[in-house]
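Colleague: Have a look; sequence and predicted model below, questions after that.
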Amino acid sequence: MRASVVAAVSGYVNAELERFQSREPEAAQELFAPLGGLEAIESFVVEAVDLIVASDTFTALWITVNESSHEEVIAVLTGREQGLVI
């Protein structure tokens, strides 16, 4: 699960960085160069996301969100969707 979350989140962020670079190459160069370039930033993003996902705080949040979502799904499936929060 951890690897999947890290891949999804860092993949999204890095895709946005690449999109920015392709749309605004001069601005991206100005922003990215002092940080070691796009490749260094992308590597940092993966490492940072991995540290966050490995934390106890993230684990607690993940459990809470999943438990809450589970209750809402059960409510929808059983016709008790009045309490559904979207």
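Modeller: Everything's here; your move. In this text the structure is predicted, and so the values were computed from the model without any measurement.
Colleague: mind listing the strands for the protein?
Modeller: For the chain, no strands turn up when DSSP state E is the criterion.
Colleague: Poorly predicted segments of it, please.
Modeller: Applying pLDDT under 70 to the chain flags the ranges 81-86.
Colleague: got the phi/psi numbers for residue 24?
Modeller: For residue 24, the backbone dihedrals (degrees, to the nearest 10) come out as phi -130, psi 70.
Colleague: go on, residue 37?
Modeller: Per-residue torsions, residue 37: phi 90, psi 170 (degrees, to the nearest 10).
Colleague: Next, work out how far apart it and residue 64 are.
Modeller: Distance from residue 37 to residue 64, counting by C-beta to C-beta, to the nearest Å: 38 Å. Glycine gets a C-beta too; all of them are placed from N, C-alpha and C.
Colleague: ok, now residue 53?
Modeller: Counting by C-beta to C-beta, the gap from residue 53 to residue 64 is 15 Å.
Colleague: quick one: which of the two has more around it?
Modeller: Comparing residue 53 with residue 64 by other C-beta atoms under 10 Å, the one with more neighbours is residue 53, at 18 against 10.
Colleague: you'd agree the more buried one is up against residue 5?
Modeller: Yes: applying C-beta atoms under 8 Å, one finds residue 53 in contact with residue 5, separated by 5.2 Å.
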